[in-house]
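Trainee: sequence-free structure coming up:
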C-alpha cells in the first residue's frame, strides 16, 4: 500500500524542516490546541487528520502566523518563527492553501500567480512610477517566469481567464500553483480535496505527487477524504480535542483504537475489532 | 524604442482635448463660468483618482480624502499668499524644509523599524510623530536663517516667473504635506477594519474642518481668517496647469497599477488573508495607497485654492467629502477612465445642465439629486459606468504566450502529460 515510505531514506538522515513542540492556543476559555507537536523532515508527505473541530486548521494558522501561539515553539529549518508576521513566514519559505479556496477572485489567472512573485519582483516603487528600463526588464522576466510556471500546471492557455470563472478543480490547481510560485520549502495544504468528485481527487493526488518531486517539497496536509490520506501520506498525525492522539504510518493509524474511538465514538474500537476478526483483510 | 500605438493614440487624444479647450478659453468662446466649472472638474478628477486608488483599488473605505484636500488647499494658499502680499518666501521655505526633513526622517525611521521586530503601530506612530515635530522645529529655524537670501533671489527674477515657480512648488508641497500627514494618521488608523476605518477618516475630515474654522485663533495663522474665509490668494490656476497635473496623476496611477506593486495593492482588496499568505506586506501596501491617494488630494486642493482666490472652511464640510466618493462609485470602482469621465460629467451635468433646467433655488435640490442618481446607478449598474473597463493606454494588456510554451501546449493536448504519473501509479 505504501511504497513511498520504503523508498524514501530513513528519517534521521534527512534535514529537519519543521519542528513544533508544546504548541498551545487558548481562545478565551477554550483550549483549541494543546501541547501539539510534530516533526517534519525534508521531502516528507505527512497527513494531519482528526474529527471536525479538532484544531487542525488552528495549527496551520499558527504555523503561518495568522494566530500567535499562546505557548510553544515553532522551528522552521532550525529558525524560531513563533510570532512572525504571515508575510515574513512566507518569505522564509512556507506557503499554504486554504480550506475554502481563497484566490484573488476578480483578477486573471496570470495576475494571481504574478502577485505571489511580488516579493521577488526586484524593482521598487519609483521604478514602478517611471516604468524605466529596470522595470521593463524585470517585469518581462517576471511575466515569462510566471507563464513558464503556469505551463507546468497546464494553466498557461487560461492565463487571461478571471479566476472566479474557472471550474472548481482548476481553481484548486491554481491555488496550489500560486502557493508554489514563491518557491517554498514547506507546503501546507488545508483540505485540498474538499468538494471534489472522485476523478478530480485522482487528479489532485497525481498533482501532489508531481509537485513534491518537481519542487523537492515537504508537504503537510489536512484532509478528511481517507482515500487521499491513506493513499499518499507516509506518516499521519491524528488530533482530537486539540491534542495529538496518535501518529504513525497509515496501517498503524487505521488499527489504532484511540483513533477509531475519536472518529466513531466510545466502544467503536471493540466493535471494529470484532468486525475485523469476522472479515480478515 | 518603438512607441506603442495605444500610447500614441492616448496622448494624441489628450493633447487634442487640451488644445481645443485651451483655444476656446483663449479666444473667449467659453464663458468665465464654464471655464471655472472645467477647472473645478479637473481638480475633482485628481481628488477622485486619489480616492479610487484608496477605495477602488486598495479596498479601504476612506472619507478622509476631503480633509487632505483641505490641508493641501490651505498649505498652498498660505505659501502664495505670503509671497504675493508680504513679499516673503518664509512659508515656502518652512514647508519645503519641514517636508524634506520629515520625509527623510520617515524614510530613515522606516528602515530602522524594519530591522527591529514587533514594534506595534502605536509605538511606531509615537516615534514618527516625535521625529516630525523635531523636523518641523529645525525647518523653522533653517527657514528663518535662509529667508532673506531666497526672498531677494526670487525678487530678482521677473515677477511673473517667480510667481509661477512659487505656485508650482506650492502645489507639490501641498501634496507632500497632505501625504505626510496621511502617513502619520494612517499608521494607527489603517490597522482598523474597513468600516471602522471609514468612521475614523470621517472624524479626521471633521477635525480638519473645525481647525480651519478656528485657524486664526487655534492655529495662529492670522491670514487664514478662520471661519470668515481666506481672501487675497492669487488666481494662478489655469487650464494648462490643471491639465498638466491631471495627466501626471493619470500616468502615475496607471504606471503603478501596471506594475508588481500595483498588483500587490489590488490583492489587498481582493483577499487580505490570502495576500498575507502570499508574502504581501498588507499593512505597508495599505499605507502606500493611502499616502499616494492623499498626495493627489493635496495637489488637487492646492490647485483649487488658486482657482477662485478665496477659501472658506465651509467648502471642506464633511458633507462635501461624499462628492469624490460619489464620483468614484459612479465612474466605477477600480476604473481610471471611469473616474476621470465621471468627474467631468459630475461637474457639467450637475452645474450646467441642471442649472439650465431647474428654476431658481436649484442649490437646495442638488443634495436630493446626487443621492437619487447614486441610488438609480446602484440599482441599474452596481459596478458603475465603467466598472473594470479601461481606455486604450490605461488597459492592462495580456502578454503573449511565448512560442516555446505554445508548442509544449500542443504536444500536451495530443498525448497525455508524460511528466505526471498516471493516477493508478500514484495511488499505489
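Mentor: Sure thing, it's come through. The model shown is predicted, which means the values in this text are computed figures rather than measured ones.
Trainee: pLDDT below threshold where in chain B?
Mentor: The model of chain B has pLDDT under 70 over residues B:1-3, B:118, B:354, B:358, B:360-363, B:388, B:406-428.
Trainee: Domain parsing of it, as residue ranges.
Mentor: B:1-30, B:38-427 (automatic domain parsing).
Trainee: Determine how far the last one lies from the middle of the whole chain.
Mentor: Relative to the chain's own centre, domain B:38-427 is displaced by 2 Å; criterion: Cα atoms, centre = their mean, to the nearest Å.
Trainee: for the shortest one, same thing?
Mentor: In terms of Cα atoms, centre = their mean, the centre of domain B:1-30 is found 23 Å from the chain centre.
Trainee: just stretch A:177-192 next, same as before
Mentor: On Cα atoms, centre = their mean, the centre of stretch A:177-192 falls 6 Å from that of its chain.
Trainee: touching chain B at all, that stretch?
Mentor: Yes: judged by Cβ under 8 Å from any Cβ of the partner chain, stretch A:177-192 comes into contact with chain B through A:178, A:179, A:182. For every residue, glycine as well, the C-beta is placed using N, CA and C.
Trainee: In strands, which of those appear?
Mentor: Among the residues of stretch A:177-192 next to chain B, DSSP state E puts none in strands.
Trainee: Among these, which one lies nearest to chain B?
Mentor: residue A:182 (5.7 Å; Cβ to the nearest Cβ).
Trainee: Would you mind confirming that the closest one makes contact with residue A:113?
Mentor: No: between residue A:182 and residue A:113 there is no contact under Cβ atoms under 8 Å: 9.9 Å.
Trainee: So between these two, which is more surrounded?
Mentor: residue A:113 (28 against 19; other Cβ atoms under 10 Å in any protein chain shown).
Trainee: Touching, that one and residue A:178? I think so.
Mentor: Yes: the criterion here is Cβ under 8 Å, and residue A:113 meets it with residue A:178 at 5.3 Å.
Trainee: before we move on, the earlier item: ranking the domains of chain B by burial, who's on top?
Mentor: domain B:38-427 (a mean of 19; mean count of other Cβ atoms under 10 Å in any protein chain shown).
Trainee: buried stuff in stretch A:17-33?
Mentor: Judged by neighbour count (16 or more other Cβ atoms under 10 Å in any protein chain shown), stretch A:17-33 contains these buried residues: A:17, A:18, A:19, A:20, A:23, A:24, A:25, A:31, A:32, A:33.
Trainee: which SS class is residue 216?
Mentor: Since you didn't name a chain, this refers to chain A. coil (DSSP: H, G, I helix; E, B strand; the rest coil).
Trainee: you looked at the wrong chain, it should be chain B
Mentor: helix.
Trainee: which ones are touching it?
Mentor: By Cβ atoms under 8 Å, 6 or more residues apart in numbering or on different chains, the contact set of residue B:216 is B:222, B:224, B:225, B:226.
Trainee: Against residue A:241, how distant is it?
Mentor: Distance from residue B:216 to residue A:241, counting by Cβ to Cβ, to the nearest Å: 67 Å.
Trainee: Equivalent analysis for residue A:156, please.
Mentor: Applying Cβ to Cβ to residue A:156 and residue A:241 gives a distance of 45 Å.
Trainee: ok, those two, which is more surrounded?
Mentor: Ranked by neighbour count (other Cβ under 10 Å), residue A:156 and residue A:241 place residue A:156 first, with 22 against 15.
Trainee: quick one: pLDDT of that one?
Mentor: Predicted confidence (pLDDT) for residue A:156: 84.
Trainee: ok, it touching residue A:147?
Mentor: Yes: applying Cβ under 8 Å as the test, residue A:156 and residue A:147 come out as touching, 5.6 Å apart.
Trainee: What's the biggest helix in chain B, counting residues?
Mentor: The helix that spans the most residues within chain B, counting by DSSP state H, is helix B:121-156.
Trainee: Whether it contacts chain A - can you check?
Mentor: No: under the criterion of Cβ under 8 Å from any Cβ, chain A is not reached by helix B:121-156; the shortest gap measures 12.4 Å.
Trainee: After that helix, which helix or strand is next? Please name it.
Mentor: helix B:159-189 (DSSP states H and E).
Trainee: now the angle from that following helix to helix B:121-156?
Mentor: 180 degrees (axes from the mean of the first three to the mean of the last three Cα atoms, to 10 degrees).
Trainee: Which strands or helices does helix B:159-189 pack on?
Mentor: Under the contact criterion of 3 or more Cβ pairs under 8 Å, 6 or more residues apart in numbering or on different chains; DSSP states H and E, helix B:159-189 touches helix B:65-85, helix B:90-115, helix B:121-156, helix B:194-213, helix B:239-257, helix B:282-308.
Trainee: do the fifth one and chain A meet at all?
Mentor: Looking back up the chat, that one is helix B:239-257. Yes: counting by Cβ under 8 Å from any Cβ, contacts between helix B:239-257 and chain A involve B:252, B:255, B:256.
Trainee: what's that helix packed up against?
Mentor: Using 3+ Cβ pairs under 8 Å, 6+ apart: helix B:239-257 touches helix A:125-130, helix B:5-26, helix B:32-51, helix B:159-189, helix B:260-270, helix B:282-308, helix B:336-347.
Trainee: How about the first one?
Mentor: Using 3+ Cβ pairs under 8 Å, 6+ apart as the contact criterion, the elements in contact with helix B:65-85 are helix B:32-51, helix B:90-115, helix B:159-189, helix B:194-213, strand B:230-231, helix B:282-308, strand B:310-311, helix B:322-331.
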